[in-house]
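> dropping the sequence and predicted coords here.
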Amino acid sequence: MTIQEWFDKRKEDQIQRRIQEAKAEEEASSGQWIKCVHCENQIMKSDLEANQMVCPVCDYHFRINAKVRISQLFDKRTFKEINSEIKPVDVLNFVDTESYTQRLEKSEEKSGLSEAIVTGTGKIEGYKIAAGIMDFDYMGGSMGSVVGEKLTRLIEYAIEKRLPVLTITSSGGARMQESALSLMQMAKTACAVSRLDDEGLLYINLLTEPTFGGITASFGTLGDYIIAEQGARIGFAGRRVIEQTIRQKLPADFQTAEYLLKYGQVDSVVKRADLRKTLSTILKLHGYKFEGKTETEQEKVTV
């Protein structure tokens, strides 16, 4: 097999894999039942949603999009998006199996977002925070120029308003369709985080399934607190690439949140149901101002 034939076969395999993944996602989203990808039990969609998209049988944490993440973490009607008007453009006229412009259009249709990150401010159990929430549904949560720009502007806004910052990552890494422009965002966001640190403001990372590549190599692991959601896969290169490089079989739990905690690369592993309380406790311990009662407390008073 020639090198060209190898590349052609690899490209075809990737295309077929994407087709199968898209088919599986479509089947999972339709109907009243969802098959857990971990324990293979059939679960009622309503039961799974009521359990914050966590399997009630095996405790597997399903990947969720930015919209669902916001609804789960933030107090009702407190999250306000900023910089939503910034959108990506195909400055390189990049084409692989299809043009970058076509990929952007498909990603926007699939995710309902204009980019792979949503930035804004909201309250978590009464504590206000600036947050950037990544969405894997938009081009695998890849980081391009707009993701870097929106995150940098969010940090600048937080510095101006003296707010703590939370980033919630779910990404395959840098966006290949933007080449060096994408890679530059690693340095750009890391510098923004450094400035936040110079200002003495709190920075929290929440790593979710999956977090890889240029995200873990930049702003994704620079937090004062690095929290990983239970079961999340976190790393730089993929498992298969590492095994082929070192020619060794890796442990079964390699690159999981629990594995990283064991070797001191994250501060804690937290279940999805406990994230709100964990984050609000951190904000309270750092002396941030409590800005009114939470929705839950208001409901209790009303009742």
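All right, it came through fine.
> mind listing the helices for the stretch 51-200 of the chain?
Along the stretch 51-200 of the chain, the segments classed as helices by DSSP state H, counting those that start in this stretch run 66-73, 100-111, 145-161, 179-198.
> which elements pack onto the last one?
Okay, so that is helix 179-198. helix 145-161, strand 203-211 (3 or more C-beta pairs under 8 Å, 6 or more residues apart in numbering; DSSP states H and E). (Each C-beta comes from the backbone N, C-alpha and C, glycine too.)
> out of those, nearest to Gly112?
helix 145-161 (16.0 Å; C-beta to C-beta).
> angle of the closest one against strand 203-211?
Direction vectors for helix 145-161 and strand 203-211, defined by axes from the mean of the first three to the mean of the last three C-alpha atoms, to 10 degrees, enclose an angle of 160 degrees.
> tell me the most buried of the helices and strands packed on helix 179-198?
Relative to the other members of the helices and strands packed on helix 179-198, strand 203-211 carries the highest mean neighbour count by mean count of other C-beta atoms under 10 Å, namely a mean of 25.
> tabulate the helices of the stretch 51-200 of the chain (a markdown table), appending mean pLDDT and distance to Ser46.
As requested, the helices of the stretch 51-200 of the chain are exported to a markdown table (pLDDT from 0 to 100; distance: least, C-beta to C-beta, whole Å):
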| stretch | mean pLDDT | distance to Ser46 |
| --- | --- | --- |
| helix 66-73 | 97 | 14 |
| helix 100-111 | 95 | 23 |
| helix 145-161 | 98 | 33 |
| helix 179-198 | 97 | 38 |
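> and those helices: which comes nearest Ala217?
From the helices of the stretch 51-200 of the chain, taking C-beta to C-beta, the stretch that ends up closest is helix 179-198, at 6.0 Å.
> and Ala228, that's in a helix?
No. Inclusion of Ala228 in a helix is not indicated when DSSP: H, G, I helix; E, B strand; the rest coil is applied; the result is strand.
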